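[1] Could you look at this predicted model? Sequence included:
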Amino acid sequence: MSPAIYNIMISLAAIGYVFLIVGIMDFAVKKGFPQDLSRKVVHIAAGSWLIFWFLFDQTHWTKYLNIAPAFIWTILLLIKGFTASPDDNAVKTMTRTGDRTELLRGPLYFTIIMNIMGTFYFNTEIALTAMGILGWGDGLAPVFGKKFGKHKYNFVTKKSIEGSAAFLFFGFIGAALFHLIIMGQIHYSSILVCAAAAAVVEALSPKDLDNMLIPLTVVILYQLFL
């Protein structure tokens, strides 16, 4: 099998994975699963699409088809953000309130970051760290903050110390897992520095912009210091 055909098959599998997650969560929401929680499940699962990276043949340019799921969803979110009905799967599984215009903010920014990471930082520590922290840390922090957040603070948006601690912990775990799966080794110190800095940035970020600012923080740290 040629490298091009092989990489196309892997990219199709990645596309199927992302659409399957959205479909499962749409079904779950219809059965009563909390809409705000489904949004976070999609957030974490979509950000984990890079687990397919180690399967790509990196000798051929078609490795960049790894961004196919993100590119497709970028287009879909743009369309759905302007035209979708409240019953649309994406609106029900990726928004907090059922307002379709939410798709044009946090979820859209997230797919843009996926495109950037898969194109410019494919199979690098930068991408593995950034997406681990963004996907797992930012995905689980609100869940734990909502359930256990007793010590509130409000710099730009209302958050909790417990939620920020969850961001740091799960961001570190997510990035470490990606490093282990893709690279076979974990650079603990680099991940910890990035997770800690990203936790501060997340605490100070305006609503939805953290999806852009968190990975930007990781890129800057790696380029300048790590």
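    Alright, I've got the coordinates. Numbers count the residues shown, from 1 in each chain.
[2] Could you list every helix and strand that the lengthiest helix in the chain packs against?
    Determined from DSSP state H, the single longest helix within the chain is helix 3-30. Applying 3 or more CB pairs under 8 Å, 6 or more residues apart in numbering; DSSP states H and E, we find helix 3-30 packed against helix 35-47, helix 68-83, helix 89-94. Every C-beta, even on glycine, is put in place using the N, C-alpha and C of the backbone.
[3] now it, how far from the chain's geometric center?
    In terms of CA atoms, centre = their mean, to the nearest Å, the centre of helix 3-30 is found 15 Å from the chain centre.
[4] same check, this time on stretch 140-151
    Using CA atoms, centre = their mean, the offset of stretch 140-151 from its chain centre is 19 Å.
[5] what about the spatially closest residue to residue 106 that is not a sequence neighbour, is that helix, strand or coil?
    In space, and not counting its chain neighbours, residue 106 is closest to residue 208: 4.1 Å by CB to CB, 6 or more residues apart in numbering. Three-state assignment for residue 208 (DSSP: H, G, I helix; E, B strand; the rest coil): coil.
[6] what about residue 208, how many neighbours?
    By other CB atoms under 10 Å, 16 other residues sit near residue 208.
[7] quick check: domain ranges of this protein?
    The record assigns the chain these domain ranges, following automatic domain parsing: 1-120, 124-226.
[8] and among those domains, the most buried is which?
    Comparing these by mean neighbour count (mean count of other CB atoms under 10 Å), domain 124-226 comes out on top with a mean of 20.
[9] how far does that domain sit from the chain's center?
    Centroid separation for domain 124-226 versus its chain: 11 Å, with CA atoms, centre = their mean.
[10] avg pLDDT for it?
    Per-residue pLDDT over domain 124-226 has a mean of 90.
[11] Repeat that for stretch 88-108.
    80.
[12] any idea how far it is from the chain center?
    The answer for stretch 88-108 is 15 Å, by CA atoms, centre = their mean.
[13] State the distance spanning the first to the last residue of that stretch.
    16 Å (CA to CA, to the nearest Å).
[14] hmm, back to that, can the helices and strands packed on helix 3-30 go into JSON lines with extra columns for distance to residue 170?
    Below are the helices and strands packed on helix 3-30 laid out as JSON lines (distance: least, CB to CB, whole Å):
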{"stretch": "helix 35-47", "distance to residue 170": "9"}
{"stretch": "helix 68-83", "distance to residue 170": "22"}
{"stretch": "helix 89-94", "distance to residue 170": "20"}
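[15] Done for today, thanks.
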